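> please work out how this folds:
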Amino acid sequence: MKKILAVTAVVLIASGAFAQGHPYQNKGTPGYGRGGGMGYHYESMTFEQQEEFTKLHDEYRVKMRRSMLDIKEVNLKIEREMMRDKPNKNTLNKLIDERARAQGEHQKEMLKYRLEMKEKFGVEMRGCGYGNWK
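Numbers count the residues shown, from 1 in each chain. Now for the predicted structure:
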C-alpha cells in the first residue's frame with residue numbers, strides 16, 4: 001500500500017510539472033497564444049495599412065531571396081576555386097571581396113526595411129521567438 005501511494009505521489013507531482021507548459025508562457029511575454037512573434041502587430045492595422053504592409057513585405061522577401069542567392073553563388077565559386085589543385089590567390093581574394101560586398105548590400109536592405117516599417121507603421125520588427133530587433 002505504501003508503495004502504491006509513493007508511486008501515485010510521484011506520478012502526480014511529475015504530471016503537475018509537465019502541465020505547467022513553457023516557462024515563458026505565463027510571464028506575459030509574446031508567443032504561445034499571446035499574439036506575439038512575427039506579424040503580431042498586423043491585427044491592429046487598418047485594411048489599407050495591412051495591404052501596404054503585405055506589399056512591402058513581399059517585395060522585401062523577393063529582394064532578400066535574390067540577395068541570398070547572390071551570396072550563395074559567390075560561396076560556390078570560392079569552393080570551386082578551393083577544390084582546384086592550385087587555387088589562385090588573386091581569384092580567391094576577388095571572390096571574397098565580392099562576397100563581402102554582397103553581404104554588405106544584404107545587411108543594408110535588411111536595415112532599410114526595418115526602418116521603413118518603423119517609420120510607416122510604428123512597428124518594431126521582431127524575429128521568431130523573443131528577440132527584439134531595434
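
> domain assignment for the chain?
Under the assignment automatic domain parsing, the domains of the chain span 1-36, 41-127.

> make TSV out of these and add mean neighbour count and mean pLDDT.
Where you see a C-beta, it was placed from the backbone N, CA and C, and this is true even at glycine. As requested, the domains of the chain are exported to TSV (neighbours: other Cβ atoms under 10 Å; pLDDT from 0 to 100):
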stretch	mean neighbour count	mean pLDDT
domain 1-36	10	62
domain 41-127	13	90
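
> tell me which helix or strand comes right after the one helix or strand Arg80 maps to.
Assessed by DSSP states H and E, Arg80 sits inside helix 47-83. Using DSSP H and E, the next helix or strand after helix 47-83 towards the C-terminus is helix 89-121.

> just the angle for that following helix relative to helix 47-83, thanks.
Relative orientation of helix 89-121 versus helix 47-83 (axes from the mean of the first three to the mean of the last three Cα atoms, to 10 degrees): 170 degrees.

> can I get stretch 110-127 as PDB, trimmed to CA atoms?
Output in PDB follows, covering the C-alpha atoms of stretch 110-127 (Å, rounded to 0.1, in the frame of the first residue of the first chain):
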ATOM      1  CA  MET A 110      17.500  44.500 -44.100                       C
ATOM      2  CA  LEU A 111      18.100  47.600 -42.100                       C
ATOM      3  CA  LYS A 112      16.400  49.800 -44.700                       C
ATOM      4  CA  TYR A 113      13.300  47.500 -44.500                       C
ATOM      5  CA  ARG A 114      13.200  47.600 -40.700                       C
ATOM      6  CA  LEU A 115      13.500  51.400 -40.600                       C
ATOM      7  CA  GLU A 116      10.800  51.800 -43.200                       C
ATOM      8  CA  MET A 117       8.400  49.600 -41.300                       C
ATOM      9  CA  LYS A 118       9.100  51.500 -38.100                       C
ATOM     10  CA  GLU A 119       8.500  54.900 -39.800                       C
ATOM     11  CA  LYS A 120       5.400  53.900 -41.800                       C
ATOM     12  CA  PHE A 121       3.700  51.700 -39.200                       C
ATOM     13  CA  GLY A 122       5.400  52.300 -35.900                       C
ATOM     14  CA  VAL A 123       6.300  48.600 -35.900                       C
ATOM     15  CA  GLU A 124       9.300  47.300 -34.100                       C
ATOM     16  CA  MET A 125      10.400  44.300 -36.300                       C
ATOM     17  CA  ARG A 126      10.700  41.200 -34.200                       C
ATOM     18  CA  GLY A 127      12.100  37.900 -35.100                       C
END
